[in-house]
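Undergrad: Sharing a sequence plus its predicted fold:
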Amino acid sequence: MNKLTSYTIKEIHRAYRDKILTPTSFVDLSLQRAKQTSELNAFVTITADEAENHGIESEKRFYIEKKTRPLDGISVGIKDNFCTYNIPTTCASNMLKSFVPTYDATVYSRLRAAGACLIGKCNLDEFAMGSGTIDSIFGPTRNPWGFDENADDWRIAGGSSGGSAVAVSSGACLAAIGSDTGGSTRNPAALCGIVGLKPTYGLVSRYGLIPLVNSMDVPGILTRNIEDAVTVLNCVAGPDDLDSTTIKRAYKPVDLVDIDLSKVRIGIPKEYHCEGMSEEVLDTWRYVADILEKEKADVKAVSLPHTSVSIAVYSILNQCEVASNMARYDGLEYGLRTNEDNSTEELYASSRSKGFNNVVRWRIFAGNYFLLAKNYDKYFIKALKLRRLISDDFNNVFNGENSVDLLLTPTTLCDAPLYSDFVSKHNRDQCAFQDYCTQPANMAGIPAISVPIRLSKNKLPLSIQLMGPYLSEELLLNVAKKIESIVNFPELNSE
């Protein structure tokens, strides 16, 4: 990648002030990089005109008005399930292939208010259902790590925010927004060697995010370092009158400091040592635990006893909410409408069959089955009760006797799989495997972050995850920053 696109936001702003670089020239570099890496398929729409106009506005604030904003001249991407005024928002689906919103998602409007320059909408699994970013009508997204355009196979980017992760990892933009329902920001961040932050549920507005699972969806942040993640979070977090689920009290910006880890208690949940976890991931987990102990942190084993059932609970609740959310796409009110049908029933069937892929249709069928009157108590209500127990596990670990401040776990169970290996397994099975360590945080509504640590024997990123109690972003990010400064994870080499 161009060296400039690997700078931090602060370094880019310093270059602007020293007139080594200008916002318009940096936006052009980002657009060039996006085009150079087009074979990775990170973007479904390149917004060149908007980016250039945004760059001109930032340049005016830097050099004429002398009133700069936190993200002025900073290139960003946004997952294509966030609404953007007058820019297509497709959810990588035939159902919404022609949808052009008439309003902005709150996350995007706040990025723009902070001066960010949008260079494109990022690829995803259709309607954000997947863990690989391979189920998109625009084709799969490819991981830049180890990518060879002449090879027949390549590593997956993770999902469902794989396009956003690759856009950042490849140097096309400094930050990107994804959505995180069961790990969809942290998973691709881990596989692509960048930082992926899932804030506390309700800290960042969901308004304008096309829903997957309303009770778990969280806008996520992807950057190449912790400092940039904090800058973006401080720009987009806070109450929103347009979203009733946002936390109503004023947001206190996160402040990064040189934290003293001797005052921090770190828990290692034994249940996260699960079947299928690679030895390299286990070694990386132990390596980071050792780092924290050397920094005088109190590291100890803890238990989250309901972890073993969490993936089943997550799957049931996910599919039930999917069935409800997808019901609006009926060929009459929203989305694709076919014209060759003789009855309303045929219109529904034809529009939904052609508008949704197999993964989405399967989740709709499963969700409706769980919600049948005869199954409602057996599946949906029981899953809700177990979700409460999973949440209670976290509350007990963070607030009970012998409590800890944060939890340390792996993010994924292995490094980035080959595409050929990934597609040979059912999407449902891949989600169960890939989301094992990430989805409990969504069901509990707590913040979590994935931090890249080192490379595997395949020269692919290995990452760890930190989880904290409700609204513990400041502690979470400061400990993550400490780890980041010690491990000094290598950047992706460019060619």
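TA: Sure thing, it's come through.

Undergrad: Just the strands from the stretch 351-495 of the chain, written as ranges.
TA: 406-410, 448-455, 461-467 (DSSP state E, counting those that start in this stretch).

Undergrad: just so I know, which of these lies nearest A128?
TA: strand 448-455 (17.3 Å; Cβ to Cβ). The C-beta positions use only the backbone N, C-alpha and C, and glycine is treated the same way.

Undergrad: Within the sheet, what are the partner strands of that closest one, with directions?
TA: Strand 448-455 pairs in its sheet with strand 195-198 (antiparallel), strand 461-467 (antiparallel), by DSSP bridges.

Undergrad: Would you tell me which one of these is buried the most?
TA: strand 195-198 (a mean of 32; mean count of other Cβ atoms under 10 Å).

Undergrad: Okay, now the sheet partners of the helix or strand following that one, with direction.
TA: Under the assignment DSSP states H and E, the closest C-terminal helix or strand after strand 195-198 is strand 218-223. According to DSSP bridges, strand 218-223 has the following sheet partners: strand 175-180 (antiparallel), strand 195-198 (antiparallel).

Undergrad: And the ones you listed: which comes nearest F62?
TA: It's strand 175-180; of these, that one is closest to F62 (Cβ to Cβ) at 18.6 Å.

Undergrad: picking that back up, format the strands of the stretch 351-495 of the chain as JSON lines; extra columns: mean pLDDT and distance to I87.
TA: JSON lines is the format used below for the strands of the stretch 351-495 of the chain (pLDDT from 0 to 100; distance: least, Cβ to Cβ, whole Å):
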{"stretch": "strand 406-410", "mean pLDDT": "98", "distance to I87": "36"}
{"stretch": "strand 448-455", "mean pLDDT": "98", "distance to I87": "28"}
{"stretch": "strand 461-467", "mean pLDDT": "98", "distance to I87": "31"}
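
Undergrad: G331: which of those strands is closest?
TA: strand 448-455 (37.9 Å).

Undergrad: Please state the offset of that closest one from the chain centre?
TA: 13 Å (Cα atoms, centre = their mean, to the nearest Å).

Undergrad: Pull out the buried residues from that strand.
TA: Buried residues in strand 448-455, counted by 16 or more other Cβ atoms under 10 Å: A448, I449, S450, V451, P452, I453, R454, L455.

Undergrad: Check stretch 142-162 too.
TA: 142-147, 154-162.

Undergrad: could the strands of the stretch 351-495 of the chain go into CSV alongside distance to F370?
TA: Below are the strands of the stretch 351-495 of the chain laid out as CSV (distance: least, Cβ to Cβ, whole Å):
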stretch, distance to F370
strand 406-410, 28
strand 448-455, 26
strand 461-467, 27
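
Undergrad: Ok, which of those strands comes nearest A349?
TA: strand 448-455 (39.7 Å).

Undergrad: Can you pull out the low-pLDDT segments for the stretch 201-350 of the chain?
TA: 340-341 (pLDDT under 70).

Undergrad: So which elements touch the longest helix along the chain?
TA: As assigned by DSSP state H, the longest helix anywhere in the chain is helix 307-326. On a contact count with 3 or more Cβ pairs under 8 Å, 6 or more residues apart in numbering; DSSP states H and E, helix 307-326 meets helix 358-370, helix 382-399, helix 427-434, helix 439-444.

Undergrad: Compile the ones you listed into a markdown table and extend it with columns for mean pLDDT and mean neighbour count.
TA: Output for the helices and strands packed on helix 307-326, formatted as a markdown table (pLDDT from 0 to 100; neighbours: other Cβ atoms under 10 Å):
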| stretch | mean pLDDT | mean neighbour count |
| --- | --- | --- |
| helix 358-370 | 97 | 18 |
| helix 382-399 | 98 | 17 |
| helix 427-434 | 63 | 20 |
| helix 439-444 | 98 | 28 |
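
Undergrad: Which residue comes closest to the residue sitting nearest the centre point of the chain once chain neighbours are left out?
TA: Residue closest to the average C-alpha location in the chain (Cα atoms, centre = their mean): T185, at 1.7 Å. For T185, ignoring the flanking residues on the chain, the nearest one in space by Cβ to Cβ, 6 or more residues apart in numbering is G220 at 2.8 Å.

Undergrad: Hmm, that neighbour is touching A175, no?
TA: No - under the criterion of Cβ atoms under 8 Å, G220 makes no contact with A175, lying 11.1 Å away.

Undergrad: which one of those two has more residues nearby?
TA: Between G220 and A175, counting by other Cβ atoms under 10 Å, G220 is the more crowded of the two (31 against 27).

Undergrad: which ones are touching the more buried one?
TA: Listed by Cβ atoms under 8 Å, 6 or more residues apart in numbering, the contact partners of G220 are S161, I177, G178, S179, D180, S184, T185, R186, G196, L197, K198, P199.

Undergrad: rewinding a little: and L413, which of the helices and strands packed on helix 307-326 is closest to it?
TA: Nearest of the helices and strands packed on helix 307-326 (Cβ to Cβ): helix 427-434, 6.4 Å.

Undergrad: can you map out the helices along the stretch 101-250 of the chain?
TA: 106-113, 162-169, 186-192, 226-236 (DSSP state H, counting those that start in this stretch).

Undergrad: who touches K459 in this structure?
TA: W145, G146.

Undergrad: if I look at it, how far off is A190?
TA: K459 sits 15 Å away from A190, taking Cβ to Cβ, to the nearest Å as the criterion.

Undergrad: Same question for M326.
TA: 28 Å.

Undergrad: If you count surrounding residues, which of those two has more?
TA: A190 (32 against 25).

Undergrad: so who does the more buried one touch?
TA: G158, G196, T411, T412, S450, P452, P461, L462, S463, Q465.

Undergrad: pLDDT averaged over stretch 184-195 - what is it?
TA: The average of the pLDDT scores along stretch 184-195 is 98.

Undergrad: Might you quantify the distance of that stretch from its chain's geometric centre?
TA: 7 Å.

Undergrad: May I have that stretch as CSV, with CA atoms only?
TA: Provided in CSV are the C-alpha atoms of stretch 184-195 (Å, rounded to 0.1, in the frame of the first residue of the first chain):
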residue,chain,number,x,y,z
SER,A,184,-19.5,-9.5,12.0
THR,A,185,-17.1,-6.7,12.7
ARG,A,186,-14.6,-8.5,15.0
ASN,A,187,-14.4,-11.7,12.9
PRO,A,188,-13.3,-10.0,9.6
ALA,A,189,-11.1,-7.6,11.6
ALA,A,190,-9.3,-10.6,13.1
LEU,A,191,-8.8,-12.4,9.8
CYS,A,192,-7.6,-9.2,8.0
GLY,A,193,-5.2,-8.1,10.8
ILE,A,194,-6.9,-4.9,11.9
VAL,A,195,-8.8,-3.6,14.9
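
Undergrad: Could you shift the numbering so residue one becomes 31, and keep it that way?
TA: Done: numbering now begins at 31, and the last item shifts to stretch 214-225.
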